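J.: give me the fold of what follows.
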Amino acid sequence: MTHQILPMELRARLSASVRLAPTPTGPDLRAALPAALADADILISGQGCPRLTTDVLQQAPRLRAVMHAGSTVRPLVSEAVWERGITVSSAADADAGSVVAYTLALITLAARRTLTMAAGYWDGWPAFEQRSGAEGQTIGIVGASRIGRRVIGELGRSDAGFQILLSDPYVTDAEAHRLGAVRVDLPELCSRSGVISVHAPLLPETTGLLNAEMLALIPDGAALINTSRGAVIDPEALTNECCSGRLEAYLDVTFPERLPSNHPLLLLPNVLITPHIAGAQGSEVRRLGRYAVTEVERWLAGEPLLGKITREDLPCLA
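T.: Next comes the predicted model:
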């Protein structure tokens, strides 16, 4: 995957600013790390990079900056990174665009109750009055993450006249208004929304946030979208609601991930499950590499990093 994230043109661009060490390869990255890290001042990391523990950092005495060519740095960064004063940047903003686009596509499908319409296809075309359009629907956004905020912005620019609700305990009424939404508590969001899109990070306090009680408040025939983390929605409660046929669900993430082959959610016509593909895929991942290379250039020039992550940021990140 390294050659996709950092193709030759990006490596050439990097070479104009830094001396590149050989890229560690092979199934055991940890075994190749000591030689690669020994003289490194900057590390460009990616998905699957070993966690930067005290032991790993001892092999990198000169390391001063980590530019992560991926979204979340939570599996990568340990307390030892902050204790060493190492600068950390994430390409999460570059990845967010893909997730936003994917979420908007799912909202379009959900607003039209696509799965319900498709399930009745063989019984004949639905009559015009049976069809659902997007115009004026209430869309509930759970979590004002970087993706949640961008989704709100794009929905606000739509000509569909969406009513946008936001539930996030860290957002004020005024801030929600600036984003283009109305802040409400989670029960009200659930009870008023025809489509709910989940963008909350997975934290102890958000695990099972959408539990049986919350899901029961969602109106019959509404749709639930999750491109965040599967465990934010109580899996048993979600399964029960979907098996009842009361809700549609569009899930790019599940808990567990992946689901057993005989799981009921995989068999239901009112549920669409995709294999965690909302983020950058295939040729798109070079966006992450471009972002990381730009961060290297900014760091060397003494400019502020666009994707800088601090110790204080980490607990609230996806």
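J.: quick one, what contacts Leu305?
T.: For Leu305, the contact set (Cβ atoms under 8 Å, 6 or more residues apart in numbering) comprises 87, 89, 295, 298-299. Every C-beta, even on glycine, is put in place using the N, C-alpha and C of the backbone.
J.: quick one: which of those residues has the most company?
T.: Glu295 (26 neighbours; other Cβ atoms under 10 Å).
J.: just say helix, strand or coil for that residue.
T.: helix (DSSP: H, G, I helix; E, B strand; the rest coil).
J.: contacts only, for it.
T.: 67, 89, 91, 305-307.
J.: could you measure it against Ile309, distance?
T.: Look at Glu295 and Ile309: by Cβ to Cβ, to the nearest Å, they are 11 Å apart.
J.: identify the residues contacting Ser90.
T.: Ser90 neighbours (Cβ under 8 Å, 6+ apart): 68, 70-73, 307, 309, 317.
J.: can you check Val182 too?
T.: Val182 touches 163-166, 176, counting by Cβ under 8 Å, 6+ apart.
J.: of these, just say which sits nearest to Ile152.
T.: Ile164 (5.7 Å; Cβ to Cβ).
J.: would you mind giving the secondary structure of Thr23?
T.: coil.
J.: look up the closest residue to it, ignoring the ones flanking it.
T.: Thr2 (5.7 Å; Cβ to Cβ, 6 or more residues apart in numbering).
J.: any idea how far the one you found is from Asp39?
T.: Counting by Cβ to Cβ, the gap from Thr2 to Asp39 is 19 Å.
J.: the two: which is more packed in?
T.: Taking other Cβ under 10 Å, Thr2 and Asp39 do not tie; Thr2 has more neighbours (15 against 12).
J.: wait, the more buried one sits on Gly46?
T.: Yes: because the distance of 6.9 Å satisfies Cβ atoms under 8 Å, Thr2 is recorded as touching Gly46.
J.: could you list the low-pLDDT ranges of the chain?
T.: 1, 24-32, 120-124, 126, 130, 318 (pLDDT under 70).
J.: could you pick out the longest helix of it?
T.: Counting residues, the longest helix found in the chain (DSSP state H) is helix 92-111.
J.: show me what it is packed up against.
T.: Helix 92-111 sits against helix 146-157, strand 195-198, strand 223-226, strand 248-251, helix 286-300, with contacts defined as 3 or more Cβ pairs under 8 Å, 6 or more residues apart in numbering; DSSP states H and E.
J.: with distance to Glu83 added, can I get the ones you listed in CSV?
T.: Formatted as CSV, these follow (distance: least, Cβ to Cβ, whole Å):
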stretch, distance to Glu83
helix 146-157, 27
strand 195-198, 34
strand 223-226, 35
strand 248-251, 38
helix 286-300, 20
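J.: correct me if wrong: Ile309 contacts Val73.
T.: Yes: assessed by Cβ under 8 Å, Ile309 is found in contact with Val73 at 5.7 Å.
J.: now do the shared contacts for those two.
T.: Between them, Ile309 and Val73 share these contacting residues under Cβ under 8 Å, 6+ apart: 88, 90, 317.
J.: let me see the backbone angles for the first one.
T.: The one in question is Val88. Dihedral angles phi and psi of Val88 (degrees, to the nearest 10) take the values phi -130, psi 130.
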